[in-house]
Each structure stands twice: as C-alpha cells, then as structure tokens.
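In: What follows is a protein structure lacking sequence information:
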C-alpha cells in the first residue's frame, strides 16, 4: 500500500478520516477541537499546546511545562550549582532579568506590546532617549567593545534630542555653548525659567534609569534646583549627573517622612523657599561668587568628608545664611552647625561679601532666663511633711525637770501614757484624753495633777524614740529592736522589771503575785475598766520570757484600740509568717484569758495548751512542758481561734496538667525547681510515733513544708540507696511467695476469729485498743508465717495482751512499720470476696507461680550472685524480703488485675453473646456512644494492649496466650461495634426493653 | 427554707450490692447514679425509677470512690487495689488502669474536661492522671500531705483535697500556689458549695465545718452527728441552703447553712441485717496507727453507717448509701 502511495501524486488536502489519524496526539487535538473531550471527566483531561505537547505535569513530574523536553532547561536536566572559585573569574556578575526566564514568544510579546510614547508626541524626548538607550544596549551587546562588560550608561548617549534642545538649536543655540552668555538683558528672567525647565528635563533624562523611583515620587524642584549652578559655567552637552545628593544628616535610606508624607511637602516648600531666595541673590550678584564646586554642595550642610574642598578656604556657609530666615531650622539638622555658622560668619564676614556689612544691631535676640535661686538653707533631700513619729515637741526646748508625783501609781500611769503617746503620736493623746475625760486618774492629760511631769516624760520619750529612729536611719536593720531584751523593753515601757519567770514554774504560789503585778502593770496602760479590777491572769508563755513579754505587749496594744505600732507582735528577727502566727496565738490566748476572767475560775495546773504549744513552741523554745491555767473550754476556744490556719506555698503545676485544665502555665519559661527527692521508701517509712500523735507530726509538717529542707531529702535519698542496695542482694525463696500469696483464706479465718472476740466489745475506745492489739497480732502472725512457722491464733492472742503494745512500739521505732503495713495490706484478704470469686482466686494463685518464677528469672542474676551472701542475720533478711515484696507488690497487683480483667471481659462478652442469642438483635447491646467514640476507645484499648505486650517481652507463654485471647476478644468487640452504633440512638428504647425483660 | 422541702421521704431503695456500699454519686445531670462498694463492683442505677442498669466489674478489691464525666461517657473509680480505673460507661470495659499509688486510693475525680483524673490516696499523695495520652504515668504527684488524703474536689482551676493530717490543701493551677488550711482535726470529706466559694469539711471530731475558700475563714460549724472513725460523705443541698451529712448511727442530718441548727434528722438506714459483711472505710491516719491501714471492722455498732450522701444537682432529691448494702433515694 505504502509503496503504491509513493507513486501517486496528491493534490489538495486529503480528507482525514478517523482511522487515518495515527497519533493519539492528533486525535486528541481533533477531539478537543470538536469538543468531544467534554465527555471526559475534568481530571482526566489534559492541557496541551497547539502542537499537542503536554503542558501541565504533575507536581512530581516536572510541574508546568518544564522547559526543554519537559526537563529543566537542558537535556541533562537540572544539575546543582557547583562551586566555582571567584578568584579566577571575578568580574562575572550575572544580572538576572526577566528576559532570562521568558520564552521566545513571550519575549516577542514583551518587546512588541510594551507601551511607549510615540516619538511624535514625545515632547520632552524621554521616550526617545529611552528607546535610544535600549538600542544602544542592544548594539552594545552585539558589537565587541573595547571595554568589557556592559558599557556604562554615561557613555551611551541618547541619539535624539529632546524637543527643547531642538528648539534651542533652532533658536541659535549651539551645543557646548552657554546659553546665558549670549542672552544678557531684560529677557533674562524668562529665559532663566526656560533654562531651568530645560535643565530639569535634560538631567531627568539621564537620571531616569538611576533614580527612577525618585522621579516617580516626583521631586522636580530639587532636581531642577541643583544643577542650576552650572549655568554659570559654559554648558557643554555632557549631561550633569545629578545624583540625588544626600542633603540631610539622616542615616542612609532613612526617610523621616515615611510615615508622615504631609511634612515632606512642607519641608520641600521651605527648602525651595530658602533656595529661591538664596539663588535669587546669588544670581543677582552676577555669578562667580562661589565656585562651581561649592555650589554643588547643598547649602546649609557641613562639609562632608568626601568633599574635597577646603572648608577654610571656601566659605561654603556664606550662601544664604546672612539673613534672619536662616534661623529657621530644618528638621534633622543639628543646631550646632548653625552656631558654628554664626561664629564663622562673625569672624569672616567682614568684607567678604561685597557691598555687605554685618549688621551692628541684630533684631533677633535670644531671651535667657536665669535659673531659680536656690535658698541657702535648702537641703536636697525630701522630708515627709507628716512623719510617722510625731516630732512636734522635739524642736521645743525641753520642759523643765519635774519631780514625779508622789502617787506611784499615777507616776507609772503617766510614764506609760507618755511612752505610748510618743510611740503612737499625738492622736493617741487626744484619743485617750477624750476617752478618759471623766476619769480623775487621767486628769494629767488635761493639765491637772502631774501635767508637768507628763510633759517632761513625753519629751523624754520622744527624745528616746527620736534617737532610735535616727539609729534606724543610720543602720539598715533595727539595731535597738533586735537587741532589745525583755528587760530593756520593759524599761522603755516603764514597767517594773519582771521577776524571772523560771521562778513561776518552780514556785507556783509566788506566780500568782507576779501575775497580779504584771497584770496591774500592763493594765496601767490600758482601759480603766480592767484597771479597776483585780486580776488573775495566766501567763501562757511562761517558759519563754521574751515571748511572754511580747504577749503582754500585744495585750496592751490590743486594749489600746486599733492603734498598733509597727513592731508590735514580735521582734524584728522573726519572719513575717512567724509574727503572724504569734499574733494569732496571742489573740487566742487573750481570748482564753478573758474568758477565764469572766467565767469559771477553775484551774487545771497541768493542763496543757496543747494546740497552742504544739504548733508554736517548737519554733521558739527548746521544749519543756507548758503550764497554763486554762480551762477546757478555753482550750476549745483557742483551737477555734487557731484553726483554720492558712498557709501558702509555692507549687508548680506540671505543664501538661495546665494544658489539660486548659490553663496557661504560671511557671512557663521558668526553670524547673530542684527535683524533690521523694522515693517510694519515703512513703513507706513513715513518721514513727503513734502515741505522741500531734506534736511530732506537726513538727514534721512544719519542717517539711516550710523549708523543704534538704536534709530530709538527703536522708531519704540515702535511705533509699541503702535499701535498694540491700534489696538487690536478697534471695527470695519461691516458697515464701506461696506462703504469702496463697494463704489468704487462712488469714481470713483467723481474722474473723479474732473479730469474734472483738464483737463483744461494745464501746469504741475499747475497740480501738483491741485494734492496736490486733495489729500487733497480725504482725506477729505474718512474721511467723514468713519465718515458716505456724503461729496458732490462740498464742498470738495471748501475745497481744502481753506484748502487743511493745511490739507496735518497737516496730514503729524501727521505722519499718511502713513496710510491714504494706505487707499487712497484701496479706490481709478482702473479706468481701463472694463465693463467686473463689474460682477466680484459685486461678490467681495459679498465675502467681509462673509470675514468681518469672520474677526470679529476671532478678535471677543478682539473686544467684548473692546467694552466697545469704549469711545475714535472720532479722534483717526478713526485713529485706519484706521490702522486696513490697516493691514487687505493684507489678504483682497489676498482673492480677489484668488477668482478671481479661477473664471478666471474656465472661461478660460470652454472657452478652448468650443474651444476644436469646433476645432479638436489637436488644443485644446498648450504647450511648457515637461510633467515633467507640472506635476511639477500642483504639485506646488496642494501644494499651500493644504497649503492655511490648513491655513484657520476656513474658511466659501463658501470658502470650492470654494476650492472644485479648486480641480475639478485641476483634469480637470491634465486629460488634457497628451494630452498637446502629442502636445507639435507641438507648432509651433499649432500656425500656431491658426493663420489660426484667 | 422550710424543712418540708427537704428530701425526707424514701422514694426508692436500690438493692443489689452485696456488702457495704461505700459511695453513691449522682451523675452531673442527676438522672443516674453510680455506686460502688465492698463487693468490688460499680453499679449504675436509675434512682428515680429504682432500676439497676449496669454493673462494672474489674476491681480486685473494694471500690471506694467513683466519678463520672460530665458527658456520661467515662467512669473513673478507685479503691483498695491501688489503681485508678478508667472505664467506658457503655461497654463496661476498662480503658485504662493507672497504677502508681503506693496504697489504697480513697477518692477520684475527673476534671471539667474529663481529660484528667485526680486521685487521692492513702499514700499521702494526690496524683493527676492523663486520660488523653496513653501514658499510665501520673502527670503530677502532689505529696505535701503528711497523712492519708481522704477526699478531693476539683474546680476549673483548682484541686482541693482534704487529708487526715487536718489540712485542706488547695492547689491552684492557675497561679501555681498551694494553699493549706489547717483545721486541726482529721479531715474526712470535703465538698464544695454549689457557688464554689465555700468548702464544707467533715472532720473526725463529729463536726462539719464550713470554710470560706478565699480567706480560709471558718464560717460555721455543724454538730450533732457522729463521725469519728469512718469515711463518710457530706454535701450541701442543691440550693446551698442546707448542709447534709450522714452519721455513724445510720441517720442523716440536715443543718441550716446559716445558723447551723439541725433542721432535720432521720434514720435513713435502719434495716436490721443479720449479716453485714464489711463496714465502711475505717480511717486510720498514718500518724495514728502506722502499721495497719485498712481494717475489716466488724461491729454491730455500725451496721447502719451512712457512708455516702449525694444530692441531686437540681431537684430536692438525695441518695444515701449505707453499709447495709442499700442505696436509698430520698425525695421531698
């Protein structure tokens, strides 16, 4: 066929039939043309160019029309850029342009369709220049040039003249000639304008590529201004390149008007104004006042380092600054320059400017203001107008020394009041005066008896206080306060020195008198009601004299009514918290004392202020029993007053906790606190004492919480270390485990046996004591069991009675008690085991055996290696065994849990199945969940399961089989879940059905 | 508030637990309730119709506390087996078990978003567990208590827990502070008021104390019942008008919130059971009796012990759980 066809000559275009079209490409093209492709789904259609080439590719097969044969630009494809030393080919700086990235057709398009002004309308010749330069560029590229690289723009000149130039030429102007020279006279101004315009344009032309952006922004004035100087010179047609000079002192590229363009206009206007004026002048002076160079420098700016003219020789500043307007400062120009300007001007101006003289009188004068006159007695330190201490009398002359009044009580009273007044200020005086107006005892306040003495005392006190406060100013701390003993304080307060309180303890008979005296003393300063009464007050803080003093102080202040001086309630050496606590205590004690006064006067000499002492004494005194004559009700009151007690600590929540609570971490970004060493042993070894319940506990709490003391932590750590070491050196007979774990039922029986005994005891206290006995008994029991002995319950019971408490004490003293308690826990069975669970328990026991052996295996190496070292004493060995057990308890428990779960799951599942078989399908399962949740939870399950099995790679085969069961079960569940989700909407329905079934 | 409005008439008795019921809790909308007990089961009930819905079995020891998420989808429970169980309500399957407590876990609560379970244990610690991740390690352990932690409450930003050491500690997550209010008496149970400003603290000196949370001030004390050695609940009524709590003799007390007078008290659980298997959780602080923590305390004295009270969030309805194995629903 083909050979035949070769012989034929064909005319015209053959009609194409479909089967003639061989290439699918063409077919496609035709199909596209005929619109058949519309039948294709959009994502199967392909975009092709007119030649049928595929233009779009997937992101991984080259993207859009990936260049050369769908590669990237070359046959070889893309190759990463290799390193080339810049040493050899230095000058090769390639400039990328858009043309590099355009296809030929696009380039053509770009070239052809770019908008430009027709040269016909090219009034200013800019387009012509542009075109010319382009042309030149092109030519330059083509022809070899002497200068390698692209020729600089300056060299390539526009071939065509602007219309202005041609106009000028027509007017007779020649190139290379100055225009001005030939046109002096009246037409000058007009021409100058024309010239300016021309200059602007011509310079613009040249400048265009360089500072196109400038031009776009439009700064014609500046551009036009700057080259004007050149009109003094012969104009050659080499364009003056007016690179936009930097006229200000701003940093490069800094535009002060960036955010406030409205000021740019303003500034420009101002600048031009100045220039206009200056220029007018300079022009009117008919040239050559300044050299060309100096003219090129922007007026008003210092000589830059780059400018090569000598500042001394040429007076650059002379231009335009000899008029008042020069004081108008421009933004950003430093004033210093102007000052220098004027100075220089003053020096140099004489005769410099022809026809000008420096004005003898300047109409501008700066107004100067003298600084305010500082009074001579001014001290540059602020004194508060209302000082804390009322120094109102200090400046006065001391009142004359006055003999104290005969009445000693009055004397004491006066002294006391004076002290208080000096401490609390005049206000207190007024207050007490007001209060005690009718009281004859206080007549000295109102100028009655002893008034003079009172004044004297007051003055003395003030003096004293002033000294104190002065010292306070000098030293940073409170020197007097710190050193102040009870005695000195008492002295200040005007008290009689107290008898040593130790006496009170030894001689309780005497203490009454002391107390009386004390109360009288303290009440001297307080309200007259209590003053009048005979007092019987206990000293709650007898064994801590400074504290007692503070307490008394507190009492005084309390009765003073709201006016408390700062340092009340504790010496300054105490911390704020301590002080607050003490204040609380005092309050409580005061209430108690008050109560004691009014109410029953029963005294229990040995009654302890239990709570009071428990918390507070620890911090202040070393110990000793406190005696306080407080009644029970008082104690209660005190407790009520003391509690609740609020303390605040820093606590760092874990970041994930914050996240889960949807809160921002308050400690975010801060370094974590030093990790607190808290071991398992720490919780196992508890505080020992159970009899001295409150105190040590509180002690521990205080010490633990308040200082987070490292000592404890270290101790704990050490202990832990020790124990851990010991633990690992232990051999564990399997029998022991059996003994421990398999005799639950025995234990139960024994327990119930004991409990029968307990049943007979009716009251709770008795029950408690038996409890402790029981505890001891249990302990002994378990001990015996671990030793492999069978301890008969009867025996243990008898032992309770004799040894019970001691045993408890010993144990607790040893600090092993925690361990033992753990042990108890695991060996004491839960009594609530129903019969139905028995089988499960049996199975559990079965499980333990492999479990134990497994444990053995894992610890085997250590155990075996140390088997020889089993020559420890039996007691410690036992202890270690126990501790080991307690450590292993948890995994044990876990396994128990999981296996039993699996079992129960299985059983429940099977029962479910049964039910499902019995009932209709819709009844089978009730669920409240959306499907997502169900699957989610099953995922959880799976994951957990996986992780668990991962965690136990060494598990026995039994374990594995159980896990297989789990997974089977899981499958079963997941099969079921769709049905459950189907029925989830019928929850209530199902429920009612279930009800019916019931 | 008259006492007539108080739920003093028995509406239903929920029987099913074999042995003491240790806790009974309404769910968040009050339509259902959960109970757990010595028989190692958790049971879901409809208390208003008196029907038993579901039983959750997996615990190996007694279950001491149970809590359900606000969306009723998950449960958390804890008890003698030292684990916190995280359940799926509908399937009754354990999703996760959080192990880490060194001893019995006394109380458990979800946070608002059900993303964290916080548990309080006899090991003197609070532990926060993450329900969202698969980690079974606690997110955080708060172990500043010096004795067994009995009860806890969660707010949006705080974890509040009461301990036998006599303190109620507030862990404020938002500001990172721990505020400790020492009451001087072992704390048995704490319960938040509905406005969240106060906390009701049941102490082992047979006193309920109402504390202002912001200041730590003691606002009121409620006395009259017996609460000396067992873990028993207390709560405020839905309107915060009354305080209610159980007593060891089987009665339930209502106090007026403000004047602390006993408004009502009645024998809630007085059935004479021949055999009471195990009683409530005897509280033995670590400092008090360090050897033995849990006791199987058999005594005829306490067979009516009201272990738990829970008040309906909206209606005048209350459930009480007792050692006698029943849960009783009370309505006005």
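Out: Ah, there it is. For clarity, every value in this text was computed on a predicted model and none was experimentally measured.
In: Could you tell me how many residues sit around the residue in the stretch 201-350 of chain A that chain B sits nearest to?
Out: Going by CB to the nearest CB, chain B is nearest to residue A:259 of the stretch 201-350 of chain A, at 40.6 Å. From N, CA and C alone the C-beta is placed, and that goes for glycine too. Around residue A:259 sit 7 other residues, with neighbours defined as other CB atoms under 10 Å in any protein chain shown.
In: Mean pLDDT per helix and strand in chain A: which one sits at the bottom?
Out: helix A:618-620 (a mean of 36; mean pLDDT, DSSP states H and E).
In: what's the distance between residue A:648 and chain B?
Out: 5 Å (CB to the nearest CB, to the nearest Å).
In: Now do the same contact list for that residue.
Out: B:177-180 (CB atoms under 8 Å, 6 or more residues apart in numbering or on different chains).
In: which SSE is it in?
Out: Per DSSP states H and E, residue A:648 falls inside strand A:645-650.
In: Go through that strand and flag the buried ones.
Out: Buried residues in strand A:645-650, defined by neighbour count with 16 or more other CB atoms under 10 Å in any protein chain shown: A:645-647.
In: Phi first, then psi, for the residue nearest to the spatial centre of chain B.
Out: Central residue of chain B (CA atoms, centre = their mean): residue B:233, 5.1 Å from the mean position. Reported as degrees, to the nearest 10, the phi and psi values for residue B:233 are phi -90, psi 160.
In: Mind pulling the model confidence for it?
Out: With respect to pLDDT, residue B:233 scores 86.
In: Over to residue A:803?
Out: pLDDT recorded at residue A:803 is 43.
In: next one: residue A:942
Out: Per-residue pLDDT puts residue A:942 at 42.
In: Next: residue A:419.
Out: If you check residue A:419, the pLDDT there is 78.
In: same question, residue B:170
Out: Looking at residue B:170, the pLDDT reads 90.
In: Partner strands of the strand holding residue A:648, with direction?
Out: strand B:177-182 (antiparallel) (DSSP bridges).
In: Give me the contact list for the strand it pairs with.
Out: Strand B:177-182 has contacts (CB under 8 Å, 6+ apart) with A:643-651, A:705, B:142, B:144, B:166-172, B:211, B:216.
In: Any chance of a ChimeraX selection covering the buried ones in those?
Out: With 16+ other CB under 10 Å as the criterion, this ChimeraX line picks the buried residues out of the contacts of strand B:177-182:
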select /A:643,644,645,646,647,651,705 /B:142,144,166,167,168,169,170,171,172,211,216
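In: on that earlier part again, hang on, the residue of the stretch 201-350 of chain A closest to chain B in a helix?
Out: No: using DSSP: H, G, I helix; E, B strand; the rest coil, the assignment for residue A:259 is coil, not a helix.
In: Residue B:98 reaches residue B:83, doesn't it?
Out: Yes: contact criterion CB atoms under 8 Å: residue B:98 and residue B:83 qualify, at 6.3 Å.
In: list the contacts for residue B:66?
Out: For residue B:66, the contact set (CB under 8 Å, 6+ apart) comprises B:23, B:25, B:34-36, B:42, B:75-78, B:108.
In: what about the stretch 301-450 of chain A, any weak spots by pLDDT?
Out: Within the stretch 301-450 of chain A, the stretches with pLDDT under 70 are A:301-352, A:362-363, A:365, A:384-406, A:424-425, A:440, A:447-449.
In: Can you pull the phi/psi pair for the residue of the stretch 201-350 of chain A closest to chain B?
Out: phi -100, psi 0.
In: Can you name the residues that contact it?
Out: Taking CB under 8 Å, 6+ apart as the contact definition, residue A:259 lies against nothing.
In: Model confidence at it, what's the number?
Out: At residue A:259, pLDDT is 79.
In: And residue A:714, what's its pLDDT?
Out: We have a pLDDT of 46 for residue A:714.
In: actually residue B:96, sorry about that
Out: Model confidence at residue B:96, given as pLDDT, is 88.
In: May I have the residues that are in contact with the closest residue to it other than its chain neighbours?
Out: Among residues not flanking residue B:96 along the chain, residue B:86 sits closest, at 4.2 Å (CB to CB, 6 or more residues apart in numbering or on different chains). By CB under 8 Å, 6+ apart, residue B:86 lies in contact with B:74-76, B:94-98, B:117, B:129, B:131.
In: got a winner among these for most neighbours?
Out: residue B:117 (29 neighbours).
In: and that residue, what element?
Out: Using DSSP H and E, residue B:117 falls within strand B:116-121.
In: again, but for residue A:581
Out: helix A:576-598.
In: what about residue B:149, neighbour count?
Out: Residues contacting residue B:149 under the criterion other CB under 10 Å number 28.
In: One more: the one 5 residues further on?
Out: Using other CB under 10 Å, residue B:154 has 22 other residues around it.
In: Mind listing the residues bridging to it?
Out: residue B:159.
In: what's the spacing between it and residue B:75?
Out: 16 Å (CB to CB, to the nearest Å).
In: Is chain B within reach of the helix or strand containing residue A:657?
Out: Per DSSP H and E, residue A:657 falls inside helix A:655-660. Yes: Helix A:655-660 is in contact with chain B by CB under 8 Å from any CB of the partner chain, via A:656-658, A:660.
In: Now do that helix: which elements does it pack against?
Out: strand B:126-130, strand B:138-142 (3 or more CB pairs under 8 Å, 6 or more residues apart in numbering or on different chains; DSSP states H and E).
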